[in-house]
Every structure is written in C-alpha cells, then in structure tokens.
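missing the sequence, but the structure's below:
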Ligand SMILES: [Zn+2]
C-alpha cells in the first residue's frame, strides 16, 4: 500500500501516479505493503551557492548561503530527506527503499561555490548530486579535482553535464558523442565513479540527443522541465525544479506541495 506520508509528498499529478502504481500492485499480491512503491520524486536544481558578484550576468541563479541554509532547514522540518538519484532509480526498480519524503538536491555545472553546499547538506546528513561540466573542472571559478573527490567522500553522486555545455540539439553527430559519451568517460576515468545519469545543458534536448544519451550507457537524464521526476515518465526526460535567489523557504515548500 502507498503510505499517506508518501501521498502528501507530491502534487496532484504525482498523487494520481502514486495511486495508479498502488492499485496496480495491489492486484498482484496481498503483501503489497512490503513492496517498494515507485513514487515520483522532486529533484531540486541549484547553480551557484553564495552572493552574486557585482555585474553577474545571471544573479537569479545565485542562492546566498544563508538562504540555502534556511531552505534546507525548512525542508528538513517538513520531513523531506535528500537522497541520490541513483538511490531513487534503484528504488524505482525494486532495489532498496526510499524515505517517506524523498527529494534529490542537484547542483549544475561544477562551480567552486558549490563546495560550500556540501557543508550545509552534511549538517542534515544529506548527499548532493553534482552535474559536472567536464571543461569547468579545475578551470577558473570551477571545482577542483580535490574538491570533487571530497564531495564523493561525503556521499555525493557525480553525474555528467557534457564536456563544454553546448545546446546539444545544435551540434554534429561526432560532437554529440564527444559531449555525451566523452563526458561520461572523462568523469569515470578521473574519479572512478559510475556516472549513470546525465543532465542536459540548459535542459535542452530532443529525440536525437536523448538517443545519444541512451547509447552512451546512461540510465536516465534530467531536464529543466518543472515537474517531479516520475518512474512513469521517459527516463531520459526527468523533470527538475529550479531553485533561485528569489525562492524563500516557504516558496520552495510550496513548489514541492504543488508538484513543481
Ligand atoms: Zn549547466
């Protein structure tokens, strides 16, 4: 059976999906209470953690540390528990379980400012998910290899976000392979981690891009379409909820209550 706390996690569409999933499993076995229910899970998407420098081109993607801290405390108080996308994926496919109110907290690109996020997450015992743009690794303003290793040691999942962050819909077939399969290979070689998930640069994708991601061996990929990630959706088009400088803790909670 689907427990009520799981139902409260999600918005109306997610609730409907959870009910459909529960009704399907109840026909299979009376012991459905022990079976993992493949619930939709919100994936938050952050960029910079810190104060935007003067003249920043997009100050809206800078979330100050104090606000980030308040957002996480509000999520924790509301019963949410952050997990990795890998844990969500495994639970959706019958391996392992999820907390009552799971969510994934992801960070795009690999900015140096994101190292600070790990400290805040760790205060809650939560892992983060880093969507790493390979060319940013060790570059000016980017995370260093040592910092990424530290994140991995703290339980973070490292996923691929291309090599140079182009709009993948516009690149040649050869470049598409380099950006998609190449980014997976580079991160695996650098850090010895699985790299089973991909985040599309700018969230932009089409059938050709999704096919390239699948062919590179990824299990799933995330967009910036503002929906909960759902086990019933195309795994290569999982939605995410962008969080920015203007999102108060209560507005983040509201987004999670209403489905994005
Ligand atoms: Zn990006």
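Perfect, thanks for sending it. On a predicted model such as this, the values are computed, not experimentally measured, just so you know. Residues are numbered from 1 along each chain as shown.

Could you name the specific helix or strand carrying residue 184?
Counting by DSSP states H and E, the element that carries residue 184 is helix 173-191.

so what does that helix touch, helix or strand wise?
Packed against helix 173-191, as judged by 3 or more C-beta pairs under 8 Å, 6 or more residues apart in numbering; DSSP states H and E, are the following elements: helix 145-153, strand 157-160, strand 197-199, helix 207-215. (C-beta placed from N, C-alpha, C; glycine too.)

Could you rerun that using 10 Å?
Applying 3 or more C-beta pairs under 10 Å, 6 or more residues apart in numbering; DSSP states H and E, one finds that helix 173-191 contacts strand 129-132, helix 145-153, strand 157-160, strand 197-199, helix 207-215.

Return the distance of the shortest one from the chain's centre.
Averaged C-alpha coordinates place strand 197-199 at 8 Å from its chain's average position (C-alpha atoms, centre = their mean, to the nearest Å).

does it come close to the ion?
No - using C-beta under 5 Å from the ion, strand 197-199 stays clear of the ion, with a minimum separation of 7.0 Å.

Which secondary structure elements does that strand sit against?
Partner elements for strand 197-199 (3+ C-beta pairs under 10 Å, 6+ apart): helix 85-92, strand 102-109, strand 129-132, strand 157-160, helix 173-191, helix 207-215, strand 220-222.

ditto for the third one
Contacts defined by 3+ C-beta pairs under 10 Å, 6+ apart place strand 157-160 against helix 85-92, strand 102-109, strand 129-132, helix 145-153, helix 173-191, strand 197-199, strand 220-222.

Most tightly packed of those?
The highest average neighbour count among the helices and strands packed on strand 157-160, using mean count of other C-beta atoms under 10 Å, belongs to strand 197-199 at a mean of 29.

quick revisit: out of the helices and strands packed on helix 173-191, which is closest to residue 78?
Among the helices and strands packed on helix 173-191, the nearest to residue 78 by C-beta to C-beta is strand 129-132 (20.0 Å).

Just checking that closest one against the ion, any contact.
No - no part of strand 129-132 sits near the ion under the criterion C-beta under 5 Å from the ion; the closest distance found is 6.8 Å.

helices and strands around that strand, which ones?
With contacts defined as 3+ C-beta pairs under 10 Å, 6+ apart, strand 129-132 has these neighbours: strand 43-46, helix 85-92, strand 102-109, helix 145-153, strand 157-160, helix 173-191, strand 197-199.
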